[in-house]
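Asker: Please work out how this folds:
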Amino acid sequence: MATVFQTDFAWPDVEIEHAVIQGAGHNLITGPSEPLQPERIEALVAEHEPEAIMTCWAEVSAKAIALPARLAIVQRIGVGLDNIAVEAATARGAWVANVPDYCVEEVSDHAVAMIMGWLRGIVPFDREVKTGRWNPAAAQLRRATNLTVGILGYGRIGRASARKLSGIGITVLAHDIAPSPESGAAHLADMEELMVRSDVILVHLPLTSDTKHLVGADFLSQMRVGSLLVNVSRGPIVDSEALIYALESGPLAGAALDVVEGEPDPPENLVARADVIVTPHVAFSSDASLAELRRRSAEEVVRVLAGGSPENPCNSPL
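Answerer: Purely as a prediction, here's the structure:
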């Protein structure tokens, strides 16, 4: 029987994880739902000596990875790996794995909803009506089929967003840092064309050292006048201070953010703006996606503890 330590969870219980882990004959120990600070995670790892660590939002540091004598896997209950010391796991011979495709439909749905909500003025009109203002003559709306959306990051989710947006009749451009082998529903474009032609820039990038603050002052200054920035990937890809300046001074007309630098305490002077739509990092979430994520994460751990390799490895352990 191995010990599996789950650092945190963003759902009401751990019944799915418990059923899979305990059903395979292992012991599941869980931290609180809210992610603890790295030093508290390290203390719990030292106390329980797990063979596997599962983490949702909590940081799994190099020190935490070095502590257990027989660590086999660090499993991200999600997609991004920016909260895991991957190099440390690789160096000590432990797998790092994720679930890269559990929320493709949900995140792309959320992105499309944000674009259409901005296009049709859903959020500001709702706010106005609730305060007693009924003024349809103030509407300055646009036709979807006249818009061009530029997708920055053209992986699984980017291609799903392109498929859905093109189905509405929107023209879709796409650019990826790594060349994409297929265009799908989008026209593949270089950065210059993407910036010049796009009424909306939709960010679908992972957070890496290369993408942190990629959307900064220079990037935002090149966007079209009256355009919208949508970020449903990772908050630090967008420089919040630069975004505020671009909203105040142009060229942006608005921003729609499911992720914000500094979350869960994002800058108040950004999220309080009337020209910004914000949701609390929930684009990945649905009843179906969360059940799939939790089950597949636990199954990946069980697979490795049984001596196998993960289905979605994110490293090559030494």
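Asker: For the rest of this, base every contact and every neighbour count on C-alpha atoms.
Answerer: Noted.
Asker: wait, what's in contact with G250?
Answerer: Shown in contact with G250 (Cα atoms under 8 Å, 6 or more residues apart in numbering): 221, 225-226.
Asker: Most neighbours among these, which one is it?
Answerer: Taking other Cα atoms under 10 Å as the neighbour criterion, S221 ranks highest of those with 19 neighbours.
Asker: now R142, nearest residue through space, not along the chain?
Answerer: L119 (6.2 Å; Cα to Cα, 6 or more residues apart in numbering).
Asker: meant to ask about E299
Answerer: Nearest one to E299, counting by Cα to Cα, 6+ apart, is V20 at 6.6 Å.
Asker: Check R143 too.
Answerer: For R143, ignoring the flanking residues on the chain, the nearest one in space by Cα to Cα, 6+ apart is L119 at 7.8 Å.
Asker: Kindly report the same for S240.
Answerer: Taking Cα to Cα, 6+ apart, and ignoring the residues beside it in sequence, S240 has E261 as its nearest neighbour in space, at 6.5 Å.
Asker: quick check: domain ranges of the chain?
Answerer: Domain assignment for the chain by automatic domain parsing gives 3-102+287-305, 104-278.
Asker: Those domains into CSV, with extra columns for distance to P313 and mean pLDDT?
Answerer: What follows is the domains of the chain, written out as CSV (distance: least, Cα to Cα, whole Å; pLDDT from 0 to 100):
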stretch, distance to P313, mean pLDDT
domain 3-102+287-305, 5, 97
domain 104-278, 16, 95
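Asker: picking up where we left off before, in a strand, the residue nearest to E299, correct?
Answerer: No - under DSSP: H, G, I helix; E, B strand; the rest coil, V20 sits outside any strand and is assigned helix.
Asker: Just give the number of residues close to it.
Answerer: Residues near V20, counting by other Cα under 10 Å, number 20.
Asker: My read is that it contacts R296, right?
Answerer: No - between V20 and R296 there is no contact under Cα atoms under 8 Å: 9.2 Å.
Asker: circling back to that earlier point, around the residue nearest to R142, how many other residues sit close by?
Answerer: Around L119 there are 17 residues (other Cα under 10 Å).
Asker: So which residues of the stretch 151-300 of the chain form helices?
Answerer: Remark: helices assigned in the stretch 151-300 of the chain by DSSP state H, counting those that start in this stretch are 156-168, 191-197, 217-221, 240-249, 268-271, 287-305.
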